[in-house]
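J.: sequence unknown, structure follows:
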């Protein structure tokens, strides 16, 4: 069975602080994909990143960075120098490889609500 | 950038009434998903289509929920009769090639009174 745990329900930081959102996953599959999505107050889910299970290289995109550690089944997300516009709910998600069966659905964590205070 | 279209944006209905949601995926996306997101929770899959065929509806409460994608393009999700516990955000998503990211619509926020 697939499971994603985001232990932090809510986090509040002051603007310009760095913040790390934790994500731990469970799967028996050897090939899988991990995702982060952002859900602002307007409600839509915005795709941030996809990482496959064979690529443990960390990634940086502007103020965002992701740390994938297969040994601890974690895929943590760090925002550097947070801004008020970063306030949203962030979801980590897991997807087993579709293979010949086609696309497979995402399994989401419960999300972490980030509030950045000016 | 192409978007997944959903309507209506908001729906208020009384319990025991019927309600329907519509989704138009990004053109060319063969896979379509309906998710339900209860307030404070992550989205949970209700049903997945590959073209016009249902791939996974194991979490769809089939006694009251139905979904169709007759021509393999747009899709309709129906609830009849609605119950108070159905109040949630209903999200539609689509994806193209295997394991590509899901693209989500803005969702339909349902309130059952």
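T.: Now that the structure is in, tell me what you want to look at. Small disclaimer: the values here were computed from a predicted structure and weren't measured.
J.: for chain A, name the helix or strand with the lowest mean pLDDT.
T.: Here the helix or strand of chain A ranked lowest by mean pLDDT, DSSP states H and E is strand A:59-61, holding a mean of 88.
J.: give me the pLDDT for residue A:102.
T.: pLDDT for residue A:102: 62.
J.: I meant to write residue A:30 there.
T.: pLDDT, residue A:30: 88.
J.: partner strands of the helix or strand where residue B:109 lies and their direction?
T.: Using DSSP states H and E, residue B:109 falls within strand B:108-112. Neighbouring strands of strand B:108-112 in its sheet, by DSSP bridges, are strand B:10-13 (parallel), strand B:88-95 (antiparallel).
J.: give the next helix or strand downstream of the longest one.
T.: This points to strand B:88-95. strand B:103-104.
J.: which residue packs closest to the closest residue to chain A within chain B, ignoring adjacent ones?
T.: Here the residue of chain B nearest chain A is residue B:42; by C-beta to the nearest C-beta that distance is 3.4 Å. The way it works is simple: take the backbone N, C-alpha and C, and place the C-beta from them, glycine included. Once flanking residues are discounted, residue B:42 sits nearest to residue A:108: 3.4 Å by C-beta to C-beta, 6 or more residues apart in numbering or on different chains.
J.: please name the bridge partners of that neighbour.
T.: residue A:93.
J.: neighbours around it, how many?
T.: Residue A:108 has 22 neighbours, counted by other C-beta atoms under 10 Å in any protein chain shown.
J.: near chain B at all, stretch A:79-91?
T.: Yes: applying C-beta under 8 Å from any C-beta of the partner chain, one finds stretch A:79-91 in contact with chain B at residue A:91.
J.: flag every buried residue along that stretch.
T.: Neighbour-count burial for stretch A:79-91, with 16 or more other C-beta atoms under 10 Å in any protein chain shown as criterion, is recorded at A:79, A:82, A:86-91.
J.: closest to chain B among those residues?
T.: For the buried residues of stretch A:79-91, the nearest to chain B is residue A:91 (5.6 Å; C-beta to the nearest C-beta).
J.: mean confidence for the helix or strand containing the closest one?
T.: Per DSSP H and E: residue A:91 is located in strand A:88-96. Averaged across strand A:88-96, pLDDT comes to 94.
J.: and it, how far from the chain's centre?
T.: The chain centroid and the centroid of strand A:88-96 are separated by 5 Å under C-alpha atoms, centre = their mean, to the nearest Å.
J.: one more: stretch A:65-72?
T.: On C-alpha atoms, centre = their mean, the centre of stretch A:65-72 falls 11 Å from the chain's centre.
J.: stretch B:14-31 too?
T.: Put simply, stretch B:14-31 sits 5 Å off its chain's centre (C-alpha atoms, centre = their mean).
J.: try stretch A:60-73
T.: Using C-alpha atoms, centre = their mean, the offset of stretch A:60-73 from its chain centre is 9 Å.
J.: does any bit of it sit next to chain B?
T.: No: figure legend: stretch A:60-73 not in contact with chain B (C-beta under 8 Å from any C-beta); closest approach 14.3 Å.
J.: avg pLDDT for whichever strand or helix holds residue A:114?
T.: Using DSSP H and E, residue A:114 sits within strand A:112-117. The pLDDT scores in strand A:112-117 average 97.
J.: check stretch B:29-41 too.
T.: 94.
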